[in-house]
Structures are given as C-alpha cells and as structure tokens.
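> next comes the sequence, and after it the predicted model I'd like to discuss.
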Amino acid sequence: MNAHADLVERKALARAEALARRKLAHALRSDSAARYLTEVLADQTGKVLAGYVPMRTEIDCLPAMAAHSGLVGVPVIVGIGQALRFRAWSPETEMIPGDFGAMIPADGGWVEPTVLIVPMLAFDSRGFRLGYGGGFYDRTLEALRARGPVTAIGFAYADQQVDEVPIEPTDQRLDMVVTERGVLRP
C-alpha cells in the first residue's frame, strides 16, 4: 500500500471512531456548551465572524454567534473542490436546506470573515482537526489566509480530542480549539 492510500485509510478509520465519540459526547451535552466560545469571541468584537449551523451531533455554536458584536456569516458550499463562501446570518435569518443537508440563508449578502468557527470530528493538541474529508475548510482557510490574517477557532466537545490527527500537507492548523471545558491554544 502506498503512503497516500495508507493515509486515506487511517483518516477513514479515525473518522469512524471520531463520529462515535462525538455522538456520545453530544448525548451528554449541557446547555452551556458555548460559554467559552462566547468568551473567546468577546475579544473579536467588530470583526466579521463566520460560524456554522450545527448538523447531527455537531456542538452548537449558534448561541455564541448570536451574541457576537459584529457581522456574522454561515458557510455556503458553492461547488465540490472549492472554498466555502459565507452569507450574512442572524438568528432571524430565513434558512433553507443547502448541499449535504446544511442549512443556509435563503438570501442575503456575502461576507468575508476574519474569524472563523470551524466544526470537526476530532482534534489534537497541535491544533489539527479531522473533518469530513471534503477539504472545504482547509481550502477556505488557505484562501482567506492568503488575503490577510484570519483566526481559525475549532469548536468541539472536549471528548473529541485525540492523541494525533493524521494530517497531510493541505491540512490547515487551527489557532485555538474551544470546548465546553475550556480553550486549547496549540
């Protein structure tokens, strides 16, 4: 087996294990899961923030997004193999189903974030994350960082931390990971 095929297999196994861990953590969640994220975002007042609308067992960042003092957006998939774009969002925004079952704003302007809340399946102490395998956030962070400073904040349950996420050269490191238990700065 070549190195790339081995990495693909390791990531697939890691994703299956991470999904099971996240499902258990989600079942035990508390209503205050976004408390530390809200505190971290208080330092980002006035900056354009992009979060996400949680799907299935993803930790819910919407309370922290709603409390943010500044423009907020959510991701829209514009095509396979492309970076995400972000459409303006508020708690009152009309949402419709988008690609892969993600809810997206029915309409509204596009925003370019300088602070990005990133969902994940797993993370490690180095600041690497394991996503779903589409590469959307890695491409997006690479493109945004090429244009200027961007703060990438992973948001996950503490139990999603693993010893080491298998990585490849295109994987983008997070600036911090926030959980319901605190903040990890690699």
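Good, I have the coordinates. Residues are numbered from 1 along each chain as shown.

> quick one: the residue nearest the centre of the chain from Glu164, how far?
If you average the C-alpha coordinates of the chain and look for the closest C-alpha using CA atoms, centre = their mean, you land on Val118, 1.5 Å from that point. The span separating Val118 from Glu164 equals 18 Å under the rule CB to CB, to the nearest Å. Quick note: C-beta positions are derived from backbone N, CA and C, even for glycine.

> report the contact partners of the nearest residue to Gln161 once chain neighbours are set aside.
Spatially, and ignoring its direct neighbours in sequence, Gln161 is nearest to Phe123 (5.8 Å; CB to CB, 6 or more residues apart in numbering). Listed by CB atoms under 8 Å, 6 or more residues apart in numbering, the contact set of Phe123 reads 129-130, 154, 156, 160-162, 165, 174, 177, 184.

> can you pull up the bridge partners for the residue nearest to the centre of the chain?
Note on Val118: beta-bridge partners Gly154, judged by DSSP bridges.

> where does the prediction get shaky in this structure?
Across the chain, the stretches falling below the confidence threshold (pLDDT under 70) are 1.

> scan it for its longest helix.
Across the chain, the helix with the greatest residue count (assigned by DSSP state H) is helix 3-27.

> how about that helix: buried residues?
Neighbour counts using 16 or more other CB atoms under 10 Å place 11, 14-15, 18-19, 21-22, 25-26 of helix 3-27 among the buried residues.

> which helices and strands does that helix pack with?
Judged by 3 or more CB pairs under 8 Å, 6 or more residues apart in numbering; DSSP states H and E, the packing partners of helix 3-27 are strand 122-123, strand 129-130.

> got the ones you listed as JSON lines, with distance to Ala3 columns?
Rendered in JSON lines, the data for those read as follows (distance: least, CB to CB, whole Å):
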{"stretch": "strand 122-123", "distance to Ala3": "21"}
{"stretch": "strand 129-130", "distance to Ala3": "18"}
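
> any idea which of the ones you listed gets closest to Leu49?
Across those, Leu49 has its closest neighbour in strand 129-130 (18.2 Å, CB to CB).

> each with direction, which strands does that closest one pair with?
Strand 129-130 has the following sheet partners, assigned by DSSP bridges: strand 122-123 (antiparallel).

> which parts of the protein are helices?
Assigned by DSSP H, the helices in the chain fall at 3-27, 35-42, 62-67, 136-147.

> other residues contacting the second one?
Spelled out, it's helix 35-42. Identification of contacts with helix 35-42 by CB under 8 Å, 6+ apart yields 49, 61, 63-64, 67-69, 115, 117, 153, 155, 176, 178-183.

> centre of the chain versus that helix, how much separation?
Counting by CA atoms, centre = their mean, to the nearest Å, helix 35-42 is centred 15 Å from the centre of its parent chain.

> one more: the first one?
A distance of 16 Å separates the centroid of the chain from that of helix 3-27, by CA atoms, centre = their mean.
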